[in-house]
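**Q** Generate a structure from the sequence data that follows.
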Amino acid sequence: MARRVASELFISRLSFYTTAGELEKLFAPFGFIKEVRLVKDPKTQRPKGFGFVKFATEVDARNAVKSMNGRIVDGRLIFVEFAETPKPERTS
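**A** I've put the predicted structure just below:
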């Protein structure tokens, strides 16, 4: 089972034309942003349509999820949810 990272959000269904700068502008009103990552294809360097926004606090991240999930951005309906990280494997 994966665990949630309280202040990092996963944003999916982004337009392939959305830039990291635009993503940061969209989420900046909700609080201080530590990092914005737009996932790109390693060969073509074109965005894959999803990314991550990391906030300084969990409260800011919650407010962003409430306000931005289900919004239309660049003509696309986006989904915003808390990012999950894989659980570290146990060693016996």
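**Q** Next, report how far stretch 22-33 is displaced from the centre of its chain.
**A** Its chain's C-alpha centre and that of stretch 22-33 lie 11 Å apart, by C-alpha atoms, centre = their mean, to the nearest Å.
**Q** And for stretch 47-64?
**A** On C-alpha atoms, centre = their mean, the centre of stretch 47-64 falls 4 Å from the chain's centre.
**Q** mind listing what's buried in it?
**A** 47, 49-55, 60-64 (16 or more other C-beta atoms under 10 Å). In short, each C-beta sits where N, CA and C put it, glycine included.
**Q** One more: stretch 23-41?
**A** Buried residues in stretch 23-41, defined by neighbour count with 16+ other C-beta under 10 Å: 23, 26-27, 30-31, 33, 36, 38.
**Q** likewise stretch 65-74?
**A** By neighbour count on 16+ other C-beta under 10 Å, the buried set for stretch 65-74 is 65, 68, 73.
**Q** And the strands in this structure, which stretches?
**A** Under the criterion DSSP state E, the chain carries strands at the ranges 3-12, 33-40, 47-55, 72-73, 76-77, 79-85.
**Q** Which one of those strands has the poorest average confidence?
**A** Across the strands of the chain, strand 3-12 has the smallest mean pLDDT, namely a mean of 83.
**Q** Looking at the buried residues of stretch 47-64, which is nearest Ala6?
**A** The closest of the buried residues of stretch 47-64 to Ala6 turns out to be Ala61 (C-beta to C-beta; 6.8 Å).
**Q** Specify the beta-bridge partners of Glu84.
**A** Assessed by DSSP bridges, Glu84 has beta-bridge partners Arg4.
**Q** coming back round to it: could I get the buried residues of stretch 47-64 as TSV with distance to Ser12?
**A** Listed next are the buried residues of stretch 47-64 as TSV, based on distance: C-beta to C-beta, whole Å:
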residue	distance to Ser12
Pro47	12
Gly49	7
Phe50	5
Gly51	8
Phe52	10
Val53	12
Lys54	16
Phe55	17
Asp60	20
Ala61	16
Arg62	18
Asn63	19
Ala64	14
